[in-house]
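A.B. asks: the sequence and its predicted three-dimensional model are supplied below.
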Amino acid sequence: MSRRFPLLLLLAVAACDDSGYEQRSREELVDFADVSAETAQGVMHEMEPRFPDAAEGRAERLDRGGAEGGRERYATVAENRFMDVRQAPLSTFAIDVDAASYSNVRRFLTDGTLPPADAVRIEELVNYFDYDYPDPAGPEPFSITTEVSAAPWNPRNRLVHVGLQGRRMSTERLPPSNLVFLVDVSGSMDSPEKLPLVQESLRMLTDRLRRQDRVAIVLYAGEAGVALPSTSGADKSAIRRAIDAMYAGGSTNGAGGITTAYETVRRNYVPGGNNRVILATDGDFNVGVSSDAELVKLIERERNDGISLTVLGFGTGNYQDARMEVLADHGNGNYAYVDDIGEARKALVEEMAGTLHTLAKDVKVQVEFDPARVQSYRLIGYENRVLAARDFRNDRKDAGELGAGHSVTALYEVVPRAGADGGELLAVRLRYKAPNGVHSRSLARSVPNRVTPSARASEDFRFAAAVAEWGMLLRGSAYRGSASYDAVLDRARSARGPDLLGHRAEFVRLVEASRRLGGRGG
């Protein structure tokens, strides 16, 4: 039996409608004397009378979902084009460790349909996988690995592979965590692949908590309430009871929940610790502040005080991918799409250190190409992370975060200048800040103009190239050249490596599924 649910879930906690619900004061919301299932149920029942039409709303939601995507929303992706090096020798972007696009694409293919082109963000497909990059040898929080070979879909061009590896850390070495599980319990979460999967995901994370970690739970629907005050990770039974008591119904005041969650984190702030809100939702906010711009302003105020935001998305039909990516990007956090319990295990157990502990923030990459050796170049993916060259040294400009053990991979397709051999092809420069730092630090690496024959390219190079080629086929990219599903499969199968967790084997199965569906570029 497949381990995947037939639908993709958005991690959210649903509550109830706000008509007539009398909101407690902030002090009352966090001053629960008895942490138990009854506590969480009490929050839910006080909201419940506000949603007399929950049953009708549930039927309506089922009607408007389905394979065609219903009200799902994705930001438009305009592919990066080739840039003339004599006019634009610098390419600057913020890193992106999110991998939500990959699991979302997997959900579509598992359901027997191709994903919308704008749901395919190639950098997130590539960064879903682990690569065998070395840990940093010096004091820097990450290492830099580079490799150059022929571009498989256009062998006359070169493919430049740049990899960053965050220092790996065991769970025992992580600083104390002050977490708030912010769960959307609105009516839109009332389906088997949404709230129940959220609950199972949070139980898995709870099992990994230590005595020095603390967790609070905030539920929101039409209003927000604290179902569990900040509790030691040693008291797992109390945390599980609050998780088990959740149920869904009502409208969705996401902004109200976010505000209450941040207030709860601040009240229990741990200096030098991991202070973080973990939002589980489908992103379908329909009460209170709901515009992306207003929500971003709210979250940006908090990130400056050292509070990060992790977004876990669940569900289909009304999934608001564009909104959740924006919230995580501006909240100094990360974004994962949870389509089954296996993905929850990957994000919250296998990659727990990277998900919860930031090694470096505002990480920017700037690549300078030598115009004597490069005619033009194209950054593959990262369209919504591109920065102006002047922003590279601007410490006020927000960028991406790198978690413990996380890796980041970027690929450039390069058109070489004829007859220009030897010397330096390009220089890779990075700027980053310490997790609580204000001023950035720099790191640089030059890349020689030396091409590795395709047959001798590393497994990581060949596999990352296969994933990028697959993404271009799914998008119907104008730059896919001679790309084909058969070529992707040949390369991926030969570059699987040890694959202890089976992620690369699963990739092969997804490529086979997209080939059967007659993907856009194949």
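C.D. replies: That came through fine. Just so it is clear, the model here is predicted, and its values are computed rather than measured.
A.B. asks: tell me which element the closest residue to L510 other than its chain neighbours falls in.
C.D. replies: Excluding its sequence neighbours, the residue lying closest to L510 (C-beta to C-beta, 6 or more residues apart in numbering) is L109, at 5.4 Å. The C-beta positions use only the backbone N, C-alpha and C, and glycine is treated the same way. Here L109 sits within helix 100-110, counting by DSSP states H and E.
A.B. asks: counting contacts, what elements does that helix pack onto?
C.D. replies: If contacts are counted by 3 or more C-beta pairs under 8 Å, 6 or more residues apart in numbering; DSSP states H and E, helix 100-110 sits against helix 122-126, helix 321-330, strand 335-337, helix 503-516.
A.B. asks: so what's the residue lying closest to L379 once chain neighbours are set aside scoring on pLDDT?
C.D. replies: Leaving aside its chain neighbours, L379 sits nearest to N80 (4.8 Å; criterion: C-beta to C-beta, 6+ apart). Listed pLDDT for N80 reads 98.
A.B. asks: go on, M169?
C.D. replies: Predicted confidence (pLDDT) for M169: 93.
A.B. asks: isn't it right up against G405?
C.D. replies: Yes - shown here, M169 and G405 form a contact pair, counting by C-beta atoms under 8 Å, at 6.4 Å.
A.B. asks: more neighbours, these two?
C.D. replies: Neighbours were counted for M169 and for G405 using other C-beta atoms under 10 Å; G405 has more, 21 against 17.
A.B. asks: that one belongs to a helix?
C.D. replies: No - going by DSSP: H, G, I helix; E, B strand; the rest coil, the assignment for G405 is coil, not a helix.
A.B. asks: next up, the contacts around it.
C.D. replies: 166-169, 351, 353-354 (C-beta atoms under 8 Å, 6 or more residues apart in numbering).
A.B. asks: swap the cut-off to 7 Å and go again
C.D. replies: Shown in contact with G405 (C-beta atoms under 7 Å, 6 or more residues apart in numbering): 166, 168-169, 351, 353-354.
A.B. asks: now do it against D135, distance only.
C.D. replies: Note on G405: its distance to D135, by C-beta to C-beta, to the nearest Å, is 9 Å.
A.B. asks: and for these two, which residues touch both?
C.D. replies: Common neighbours of G405 and D135 (C-beta under 7 Å, 6+ apart) are R168.
A.B. asks: can you name the residues bridging to H161?
C.D. replies: Beta-bridge partners for H161, by DSSP bridges, are E147, L411.
A.B. asks: can you check the pLDDT for it?
C.D. replies: H161 is assigned a predicted lDDT (pLDDT) of 98.
A.B. asks: now the weakest link among the helices and strands packed on helix 100-110, please, by mean pLDDT.
C.D. replies: helix 321-330 (a mean of 88).
A.B. asks: residues in contact with that one?
C.D. replies: 72-75, 98, 100, 104, 119, 283, 292, 295-296, 299-300, 309, 311, 313, 334-335, 398.
A.B. asks: of the residues you listed, which belong to strands?
C.D. replies: 309, 311, 313, 335 (DSSP state E).
A.B. asks: quick one: contacts for the third one?
C.D. replies: Residues near G313 by C-beta under 7 Å, 6+ apart: 10-11, 100, 282-283, 319, 321, 324, 337-338.
A.B. asks: quickly note the distance from it to L90.
C.D. replies: As for G313, its distance to L90 is 34 Å (criterion: C-beta to C-beta).
A.B. asks: name the nearest residue to P453, sequence neighbours excluded.
C.D. replies: S149 (7.2 Å).
A.B. asks: in three-state terms, label the one you found for me.
C.D. replies: Counting by three-state DSSP, the backbone at S149 sits in strand.
A.B. asks: burial measure for it, as a count.
C.D. replies: S149 is flanked by 21 other residues according to other C-beta under 10 Å.
A.B. asks: any idea which helix or strand carries V365?
C.D. replies: Taking DSSP H and E as the criterion, V365 maps to strand 358-369.
A.B. asks: show me what the helix or strand that that strand is followed by is packed up against.
C.D. replies: Downstream of strand 358-369, the next assigned helix or strand under DSSP H and E is strand 374-380. Where contact means 3 or more C-beta pairs under 7 Å, 6 or more residues apart in numbering; DSSP states H and E, strand 374-380 is packed against strand 83-84, strand 90-94, strand 407-416.
A.B. asks: how about a markdown table for the ones you listed, with mean pLDDT added?
C.D. replies: Putting the helices and strands packed on strand 374-380 into a markdown table (pLDDT from 0 to 100) gives the following:
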| stretch | mean pLDDT |
| --- | --- |
| strand 83-84 | 98 |
| strand 90-94 | 98 |
| strand 407-416 | 98 |
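A.B. asks: ok, which of the ones you listed comes nearest E124?
C.D. replies: Closest of the helices and strands packed on strand 374-380 to E124 is strand 407-416, at 10.7 Å (criterion: C-beta to C-beta).
A.B. asks: residues in contact with the longest helix along the chain: which ones?
C.D. replies: Taking DSSP state H as the criterion, the chain has its longest helix at helix 459-475. Outside helix 459-475, the residues that touch it by C-beta under 7 Å, 6+ apart are 105, 114-115, 117, 120, 122, 125-126, 129, 131-132, 147, 149, 152-153, 159, 161, 380, 409, 411, 479-480, 483, 485, 487-488, 491-492, 494-495, 497, 504, 507, 511, 514, 519-522.
A.B. asks: helices and strands around the helix or strand just after it, which ones?
C.D. replies: Toward the C-terminal end, the helix or strand that comes next after helix 459-475 (DSSP H and E) is helix 485-494. Applying 3+ C-beta pairs under 7 Å, 6+ apart, we find helix 485-494 packed against helix 459-475, helix 503-516.
A.B. asks: can you tell me which of those helices is most buried?
C.D. replies: Of the helices and strands packed on helix 485-494, the one with the most neighbours on average (mean count of other C-beta atoms under 10 Å) is helix 459-475, at a mean of 25.
A.B. asks: that helix relative to helix 485-494, how many degrees between them?
C.D. replies: 150 degrees (axes from the mean of the first three to the mean of the last three C-alpha atoms, to 10 degrees).
A.B. asks: off-centre distance for helix 459-475?
C.D. replies: 19 Å (C-alpha atoms, centre = their mean, to the nearest Å).
A.B. asks: beta-bridge partners for V226, please?
C.D. replies: Where V226 sits in a bridge, its partners, by DSSP bridges, are V218.
A.B. asks: pLDDT score assigned to it?
C.D. replies: Looking at V226, its pLDDT reads 94.
A.B. asks: same question, E68
C.D. replies: Among the per-residue scores, E68 shows a pLDDT of 38.
A.B. asks: how about stretch 430-442 as CSV, C-alpha atoms only?
C.D. replies: Only the C-alpha atoms of stretch 430-442 are listed here, as CSV (Å, rounded to 0.1, in the frame of the first residue of the first chain):
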residue,chain,number,x,y,z
LEU,A,430,29.0,35.2,0.1
ARG,A,431,27.8,37.5,2.8
TYR,A,432,26.0,36.3,5.9
LYS,A,433,25.2,37.3,9.5
ALA,A,434,25.4,35.4,12.7
PRO,A,435,21.9,34.3,13.9
ASN,A,436,21.7,37.4,16.2
GLY,A,437,24.2,39.5,14.3
VAL,A,438,23.7,43.0,12.8
HIS,A,439,26.8,43.2,10.5
SER,A,440,27.6,40.8,7.7
ARG,A,441,30.7,38.7,7.2
SER,A,442,32.2,37.7,3.8
